[in-house]
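> just a sequence and a predicted model for now, questions to come.
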Amino acid sequence: MKALSELLLSTNGLTKQYGHHKAVDKVNLHIKKGAIYGFIGRNGAGKTTCLKMISGLARPTAGEIEMFGCKGKELERIRSRVGCLIEAPGLYGNMNAYTNLKIKCELFGIRKKGYIEDILETVGLEGVGKKKTKHFSLGMKQRLGIGLALVGEPDLLVLDEPINGLDPQGIAEVRDTIQRLRDERNMTILISSHILEELSKIATDYGIIHNGSLLQELTSEELMKRCSERIEIELIHPEQAVPILDRMGFTNYQVTDKSHIHIFERLNESANVNMELAKAGILVNGISITSEELETYFLNLTGGNQNA
Ligand SMILES: Nc1ncnc2c1ncn2[C@@H]1O[C@H](COP(=O)(O)OP(=O)(O)OP(=O)(O)O)[C@@H](O)[C@H]1O
């Protein structure tokens with residue numbers, strides 16, 4: 001459980017029901033200040049619905065959202081601290097990037113000199129000049145969408161699948177933009193995707209959602225550890241093996257569930273481990289050296305490799 005003081009946003013039992021269907025079911029998110037939080041789930045998992053509730057675009061059926069220390073009706077006061085890009089960015093196709101931003105700035109009453117140029121530079125669109133946005137690539141449109149979400153200088157940016165459908169160059173550009181926003185503007189970013197791998201270069205934390213329920217929250221270090229090369233031991237009572245591993249001098253290992261231990265060091269000693277456990281009368285069902293692709297980890301967690 002994370003200390004409440006370091007959280008910028010948390011949800012408690014957040015639920016959205018459409019008819020009999022719970023699109024989001026008792027979700028408890030914990031997002032730290034300064035995090036790039038990757039919100040991962042297959043199509044239809046409930047990501048957009050969650051992000052809409054957080055951005056004030058949909059009302060929860062039940063549960064609570066707390067951000068910037070505010071909840072309930074108080075959230076209205078801090079709405080301007082949240083910028084969002086949910087579904088396609090609403091762009092005026094016959095206008096250029098500058099004019100699109102200018103219209104939003106006028107709505108916000110912002111007239112500061114250099115403000116729009118600054119945003120264009122932040123999202124890497126400073127050189128697009130008079131080009132109408134209908135002639136933009138998908139990646140450029142997404143980056144302008146992020147630029148529009150930046151008007152008003154929010155502290156939290158909510159981005160729904162901003163890299164969906166982009167080519168590898170577009171993905172890299174959007175990723176760079178997000179990284180820069182965090183590093184240079186100290187923003188907290190909540191970003192959804194149905195491909196874990198695509199966020200793995202930038203995300204600091206992850207929440208994995210499936211069929212409306214949050215399956216797991218973990219840091220990028222925890223994720224890397226779970227996927228990294230290791231000795232995997234399958235046995236009936238893992239707790240009995242702990243003193244043996246301690247005696248052998250292992251420090252970097254984890255009892256991962258009721259029947260598995262993962263050791264992340266001295267990978268060439270698996271036979272020795274097996275022998276020591278056998279000597280202590282501990283029955284080992286299997287011992288192997290494995291690692292996992294990030295995507296395999298996600299697919300296994302969400303029920304196998306089907307229409308990811
Ligand atoms: N307005 C609505 N009315 C009824 N059902 C809805 C509505 N919006 C979403 N749903 C349903 O809620 C579930 C979650 O949808 P949601 O769009 O949040 O998922 P998602 O993870 O964002 O997936 P995708 O990436 O496909 O948008 C889906 O089963 C969807 O059909």
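Yep, that arrived. Worth saying up front: this structure is predicted, and the values here are computed from it rather than measured.
> and Gly93, that's in a strand?
No. Per DSSP: H, G, I helix; E, B strand; the rest coil, Gly93 lies outside any strand segment and is coil.
> residue contacts, Glu265?
By Cβ atoms under 8 Å, 6 or more residues apart in numbering, Glu265 lies in contact with Phe250, Thr251, Asn252, Tyr253. All C-beta spots, glycine's among them, are computed from the backbone N, C-alpha and C.
> just give the closest residue to Glu198, not the sequence neighbours.
The shortest distance from Glu198 to any non-neighbouring residue, by Cβ to Cβ, 6 or more residues apart in numbering, is to Ile163 (5.6 Å).
> which element is that neighbour on?
According to DSSP states H and E, Ile163 maps onto no helix or strand at all.
> next up, the contacts around it.
Gln142, Gly170, Ile171, Val174, Arg175, Ser193, Glu198.
> swap in Ala58?
Applying Cβ under 8 Å, 6+ apart to Ala58 gives the contacts Lys16, Thr49, Lys52.
> which of these come close to the ligand?
Filtering these for proximity to the ligand by Cβ under 6 Å from any ligand atom leaves Thr49.
> closest to the ligand among the contacts of Ala58?
Nearest to the ligand, judged by Cβ to the nearest ligand atom, of these is Thr49 at 3.3 Å.
> name the SS class of the closest one, please.
Per three-state DSSP, the local secondary structure of Thr49 is helix.
> what about Glu161, how many neighbours?
Each residue near Glu161 was counted by other Cβ atoms under 10 Å, and the total is 22.
> please enumerate the helices of the chain.
In the chain, the segments counted as helices under DSSP state H are 47-54, 97-107, 115-122, 138-150, 168-185, 196-199, 220-227, 238-247, 270-279, 294-301.
> returning to what we had before: most neighbours of all the contacts of Glu265, which one?
Among these, Tyr253 has the most neighbours (other Cβ under 10 Å), with 21 neighbours.
> what parts of the chain come near the ligand?
When proximity is defined as Cβ under 6 Å from any ligand atom, the chain approaches the ligand at Tyr18, Ala23, Gly41, Asn43, Gly44, Ala45, Gly46, Lys47, Thr48, Thr49, Glu161, His194.
> if we use 5 Å, what do you get?
Tyr18, Ala23, Gly41, Asn43, Gly44, Ala45, Gly46, Lys47, Thr48, Thr49 (Cβ under 5 Å from any ligand atom).
> filter those down to just the buried residues.
Buried members of the residues of the chain next to the ligand, counted by 16 or more other Cβ atoms under 10 Å: Ala23, Gly41, Ala45, Gly46, Lys47, Thr48, Thr49.
> what number of residues lie near the residue nearest to Ser137 when sequence neighbours are not counted?
Once flanking residues are discounted, Ser137 sits nearest to Gly170: 6.5 Å by Cβ to Cβ, 6+ apart. For Gly170, the count of nearby residues is 19 (other Cβ under 10 Å).
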